[in-house]
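In: Structure for this input, please:
(2 chains)
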Protein chains: 2
Amino acid sequence: MAASRFLEACARRPVDATPVWFMRQAGRYMAEYRALRKRYSILELCERPELAAEVTLQPVRRFGVDAAILFADILLPARPLGLKLDFVRGEGPALSPPIRARRDVERLRDFDPRQGLPYVLEAVRIVRRELAATSGGRVALIGFAGAPFTLASYLVEGGSSGHYFETKRMMYQDPKTWRALMEKLSRVTARYLEAQIEAGAQAVQLFDSWVGALSAADYRRFVLPYSRYVLESLRACKVPTIHFGTGTSGFLEEFREAGGDVIGVDWRIPLGRAWKKIGYGRAIQGNLDPVVLACGSGSELRDAVRAVLKEAAGRAGHIFNLGHGILPQTPVENVEAVVGWVRKYGAA
Amino acid sequence: MAASRFLEACARRPVDATPVWFMRQAGRYMAEYRALRKRYSILELCERPELAAEVTLQPVRRFGVDAAILFADILLPARPLGLKLDFVRGEGPALSPPIRARRDVERLRDFDPRQGLPYVLEAVRIVRRELAATSGGRVALIGFAGAPFTLASYLVEGGSSGHYFETKRMMYQDPKTWRALMEKLSRVTARYLEAQIEAGAQAVQLFDSWVGALSAADYRRFVLPYSRYVLESLRACKVPTIHFGTGTSGFLEEFREAGGDVIGVDWRIPLGRAWKKIGYGRAIQGNLDPVVLACGSGSELRDAVRAVLKEAAGRAGHIFNLGHGILPQTPVENVEAVVGWVRKYGAA
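Out: Residues are numbered from 1 along each chain as shown, chains lettered A, B, ... in the order given. Model prediction:
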């Protein structure tokens, strides 16, 4: 069985070339995905393991990236928790009823992922089998879940948010309810990721996408203990954990403290500066601006890729990625080109 | 004439108590302002100097803050530049036509603020006169303008934006047009601020509110020279300059390099950590989370204020403020309470 560059880099072992994958690499920018979306809703794609597996594998076939990330919506756990999840065209996810009071938290069901999200686990099994057959272990499978804060923010706001007003209101005005919510979500998230690993995920990424809404002090008080609980729970599973957030440049010290073998950072901070702050005892993932991937032209885009690689050069443990997910407007040719440049300029 | 705590702190001289003002301190959270807004549109409030002056002075009377900031919309310069500016209820500003190509940039009028924005300058004169009469110089008047990048992003996008796709597309695909646009906006912005100072502004703040959308490398290439041009142009005016941005934690080093006697930072980074990165040769302004001001309860809010003060303690040159503007939902009582706590806990 071939070694996985991605898994080697997670362990900070030297590799022949910097591994590369992209957050949201399966998605609307690909014609193959859009063709399926004409026939199925997002939730149908998630709920049918063969379809979720197919979507997960599309970018692996197309671009030859070093890892597949499970196609699943970050809010799927909201349904077995007891909420209604809809996708409103042009407005993003809508969750109801929003979680605002202690009794709302108590009503959330502390579900077992084998019962609550069996289709996700089945998709993991299919993808893992396929990757073993087609790549002989060269392409790794990454499972994922939203981190407790990011999941909580969706549950409390009832969807996406600009200011996270209701979320912060709960933190400040009703900290006991906040803590009860975060405890429940931490347990559920840890079990969900454990189950994905058991089903075949070879690494997992904890997405704290919106944690950059917080100050360092609030991160430490209201979030860090719960993300740490999740990441520490996974230690026994012996697979690498990636801890990703955006807007974390001001509190990478605290973010790292919550755990993660690999820290994923956004594009705002130079990767070398981020790695220095995080410490070289962790691997690092990132951090090309997804808008640059979407709108960069030939040599400008190439130079941006080289600049990211240069920031991390001379040290084992860099995984090339974006600073956030691929945008729907992204030309497929740009993604292809970036993979090529990472292969070329990231070669040892 | 009494000394201004605010101006003393800008110069990093010791003061009897940390000065305090709030970005967007004149606004919808105040009943006095809402009463005027029932009768006048935002643009009418800006265009009538007596009304703009009245709105500017409302928070000074109500809270006894140490500085007044001119009430004006950041996009007013778009009109003499030649664009149409509207405020669409619930959607924010709309500018037309958007600036996308070289010929659009060429068509922008390189206006003289005395001709193009005389009403703003008249409001400055009225407020300055009023403050001299009522506070004897204790309360300073701050003028302001949007920084070239933030202004450019509105012009290119045609309004607010999530990803700044068109703005970054111009940077990457048509850098000559981008540079021509930024050069024009830098000149206009420098002249606009110079005219405000001539009319009586005792300090000016350059708002680069949305610059946190960029990577450090793109900030350095596409923005820094233009912000620096504006800030250096103002040196001859001998008034302090405040350089403010949000999302800058990852590139405060570069942001500082552009200039500013005072650097304004958002709430994401601990103020002490930010100051250390910026260097103690500059004063610092910030950085309570505006959402915490809006939704914090008594002792929690007090502790958050004390934590900000503590981060900056033991050194001259801290101006207490939020990390961004006051939100419309903010209870007036919270603002009152924060001013009291800054007076109490920020006393020398």
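In: does stretch A:154-162 come close to chain B?
Out: No - judged by C-beta under 8 Å from any C-beta of the partner chain, stretch A:154-162 stays clear of chain B, getting no closer than 9.8 Å. Where you see a C-beta, it was placed from the backbone N, CA and C, and this is true even at glycine.
In: Chain B contacts on the stretch 201-348 of chain A?
Out: A:212-218, A:247, A:249-251, A:266-270, A:273-274, A:287, A:289-292, A:294-297, A:300-301, A:304, A:307, A:323, A:327, A:329.
In: Would you mind checking those for buried ones?
Out: Neighbour-count burial (16 or more other C-beta atoms under 10 Å in any protein chain shown) applied to those gives A:212-218, A:247, A:249-251, A:266-270, A:273-274, A:287, A:289-292, A:294-296, A:301, A:304, A:323, A:327.
In: returning to that earlier point: keep only those of the residues of the stretch 201-348 of chain A next to chain B that are in helices.
Out: The members of those that map onto helices under DSSP state H are A:216-218, A:273-274, A:290-292, A:294-295, A:300-301, A:304, A:307.
In: Of the residues you listed, which is the nearest to B:Arg37?
Out: Nearest to B:Arg37 among those: A:Asp218, at 32.1 Å, using C-beta to C-beta.
In: Would you mind listing the buried residues in stretch A:119-135?
Out: Buried residues in stretch A:119-135 (16+ other C-beta under 10 Å): A:119-128, A:130-131, A:135.
In: where does the stretch 51-200 of chain A dip in pLDDT?
Out: Counting by pLDDT under 70, the stretch 51-200 of chain A has no low-confidence residues at all.
In: Pick out the residue of it closest to chain B.
Out: Going by C-beta to the nearest C-beta, chain B is nearest to A:Arg169 of the stretch 51-200 of chain A, at 4.0 Å.
In: name the element that residue belongs to?
Out: A:Arg169 belongs to helix A:165-173 when assigned by DSSP states H and E.
In: Give the burial count for A:Val204, as a bare number.
Out: Per other C-beta atoms under 10 Å in any protein chain shown, the neighbour tally for A:Val204 reads 27.
In: Now do the SS call for it.
Out: What DSSP: H, G, I helix; E, B strand; the rest coil gives for A:Val204 is strand.
In: how about it, what does it touch?
Out: A:Ile142, A:Gly143, A:Phe144, A:Ala145, A:Leu193, A:Gln196, A:Ile197, A:Leu234, A:Val239, A:Pro240, A:Thr241, A:Ile242 (C-beta atoms under 8 Å, 6 or more residues apart in numbering or on different chains).
In: Kindly report the same for A:Glu194.
Out: For A:Glu194, the contact set (C-beta under 8 Å, 6+ apart) comprises A:Ser233, A:Leu234, A:Cys237.
In: now the helix or strand it falls within, how far from the centre of its chain.
Out: Secondary structure assignment for A:Glu194, by DSSP H and E: helix A:175-199. Chain-centre distance of helix A:175-199: 16 Å, with C-alpha atoms, centre = their mean, to the nearest Å.
In: Between helix A:165-173 and that helix, find me the angle.
Out: Going by axes from the mean of the first three to the mean of the last three C-alpha atoms, to 10 degrees, helix A:175-199 is angled at 120 degrees with respect to helix A:165-173.
In: Buried by neighbour count: which residues of helix A:175-199 qualify?
Out: Using 16+ other C-beta under 10 Å as the test for burial, helix A:175-199 gives A:177-197, A:199.
In: Bridge partners for A:Phe207, pull those for me.
Out: On the basis of DSSP bridges, A:Phe207 is bridged to A:Gly146, A:Phe244.
In: That one and A:Arg128, how far apart?
Out: 20 Å (C-beta to C-beta, to the nearest Å).
In: ok, now which ones touch A:Phe222?
Out: The neighbourhood of A:Phe222, defined by C-beta under 8 Å, 6+ apart, consists of A:Phe149, A:Met171, A:Pro175, A:Trp178, A:Met182, A:Leu214.
In: switch to 7 Å and redo it
Out: Residues in contact with A:Phe222 (C-beta atoms under 7 Å, 6 or more residues apart in numbering or on different chains) are A:Met171, A:Trp178.
In: Just give me the neighbour total for the nearest residue to A:His318 once chain neighbours are set aside.
Out: Spatially, and ignoring its direct neighbours in sequence, A:His318 is nearest to A:Ala312 (3.7 Å; C-beta to C-beta, 6 or more residues apart in numbering or on different chains). A:Ala312 is flanked by 24 other residues according to other C-beta under 10 Å.
In: Surely A:Gly286 and A:His324 touch.
Out: No - contact criterion C-beta atoms under 7 Å: A:Gly286 and A:His324 do not qualify, at 9.3 Å.
In: what sits in contact with each of those two?
Out: Here A:Gly286 and A:His324 have A:Asp266 as joint contacts, going by C-beta under 7 Å, 6+ apart.
In: Looking at these two, which one has more neighbours?
Out: Ranked by neighbour count (other C-beta under 10 Å), A:Gly286 and A:His324 place A:Gly286 first, with 27 against 24.
In: Would you enumerate the residues in contact with that one?
Out: A:Gly286 neighbours (C-beta under 7 Å, 6+ apart): A:Gly264, A:Val265, A:Asp266, A:Leu271, A:Asn321, A:Gly323.
In: Equivalent analysis for A:Ala199, please.
Out: Contacts for A:Ala199 (C-beta under 7 Å, 6+ apart) come out as A:Leu121, A:Val124, A:Arg125.
In: Name the helix or strand for the last one, please.
Out: In this structure, A:Arg125 sits in helix A:118-135 according to DSSP H and E.
In: which other helices and strands contact that helix?
Out: helix A:49-63, strand A:140-146, helix A:175-199 (3 or more C-beta pairs under 7 Å, 6 or more residues apart in numbering or on different chains; DSSP states H and E).
In: Compute the inter-axis angle for that helix and helix A:49-63.
Out: 40 degrees.
In: Give the full set of residues in contact with A:Ala147.
Out: Residues in contact with A:Ala147 (C-beta under 7 Å, 6+ apart) are A:Leu206, A:Phe207, A:Asp208, A:Val211, A:Ser227.
In: Over to A:Arg268?
Out: A:Ser249, B:Gly212, B:Ser215, B:Gly247, B:Gly250, B:Phe251.
In: Next, the fourth one: phi, psi?
Out: Looking back up the chat, that one is B:Gly247. phi 70, psi 20 (degrees, to the nearest 10).
In: So it is in contact with B:Ser215, correct?
Out: No - counting by C-beta under 7 Å, B:Ser215 is not a contact partner of B:Gly247; they are 11.0 Å apart.
In: Contacts for stretch A:269-279, please.
Out: So stretch A:269-279 is contacted by A:249, A:252-253, A:256, A:263, A:265, A:284, A:286-287, A:308, A:311-312, B:216-217, B:250-251 (C-beta under 7 Å, 6+ apart).
In: returning to that earlier point: between the contacts of A:Ala147, which is closest to B:Glu32?
Out: Nearest to B:Glu32 out of the contacts of A:Ala147 is A:Val211 (C-beta to C-beta; 36.7 Å).
In: For that closest one, which residues are in contact?
Out: Going by C-beta under 7 Å, 6+ apart, A:Val211 touches A:Ala147, A:Phe149, A:Thr150, A:Tyr219, A:Val223, A:Gly245, A:Gly247, A:Thr248.
In: ok, for the first one, nearest residue in space, not its chain neighbours?
Out: Excluding the flanking residues, the one nearest A:Ala147 by C-beta to C-beta, 6+ apart is A:Asp208, at 3.6 Å.
In: what's the pLDDT at that neighbour?
Out: Per-residue pLDDT puts A:Asp208 at 98.
In: burial of it, as a residue count?
Out: Residues within reach of A:Asp208, counting by other C-beta under 10 Å, total 27.
In: wait, doesn't it sit right on A:Ser227?
Out: Yes - applying C-beta under 7 Å as the test, A:Asp208 and A:Ser227 come out as touching, 6.5 Å apart.
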